[in-house]
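Asker: Have a look; sequence and predicted model below, questions after that.
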Amino acid sequence: MQDCSAEAAAFLKALSHEGRLMILCHLAAGERSVTELERLLESRQAAVSQQLARLRLEGLVATRREGKAVFYSIQDQKVLRLVRLLEEMYGPGLG
């Protein structure tokens, strides 16, 4: 049981940053490039890349390269389930 609680805590900790959570909300709608995420989040490339790196490190997102563009998608289906639940509770795109 302790292993499961540690895994759950690590999972929730990765989602506990507003920027990372917003990235995952956008990715729940489908694959996005870094440039698209920058525009959707109205954020600088460095900030978006930093949060994407953390999500990648945690195994929550996957990458695909097409030329110079890097595309991200949700890798862990638990993320998609949790984003859907949060949207149900707080509204689409989390308000």
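Answerer: That came in fine, so what should we check first? As the structure is a prediction and not an experimental result, all values here were calculated from the model.
Asker: mind listing what the spatially most central residue of the chain touches?
Answerer: For the chain, residue 24 is the residue whose C-alpha lies nearest the centre (CA atoms, centre = their mean; 2.8 Å). Residue 24 sits next to 15, 55, 60, 61, 74, 79, 83 when contact means CB atoms under 8 Å, 6 or more residues apart in numbering. Bear in mind the C-beta positions are built from the backbone N, C-alpha and C, glycine included.
Asker: got the phi/psi numbers for it?
Answerer: Dihedral pair for residue 24: phi -70, psi -40, per degrees, to the nearest 10.
Asker: any idea of the pLDDT on residue 54?
Answerer: For residue 54, the model assigns a pLDDT of 96.
Asker: Tell me what the closest residue to residue 65 other than its chain neighbours is bridged to.
Answerer: Spatial nearest neighbour of residue 65, excluding adjacent residues (CB to CB, 6 or more residues apart in numbering): residue 71 at 7.5 Å. On the basis of DSSP bridges, residue 71 is bridged to residue 33, residue 64.
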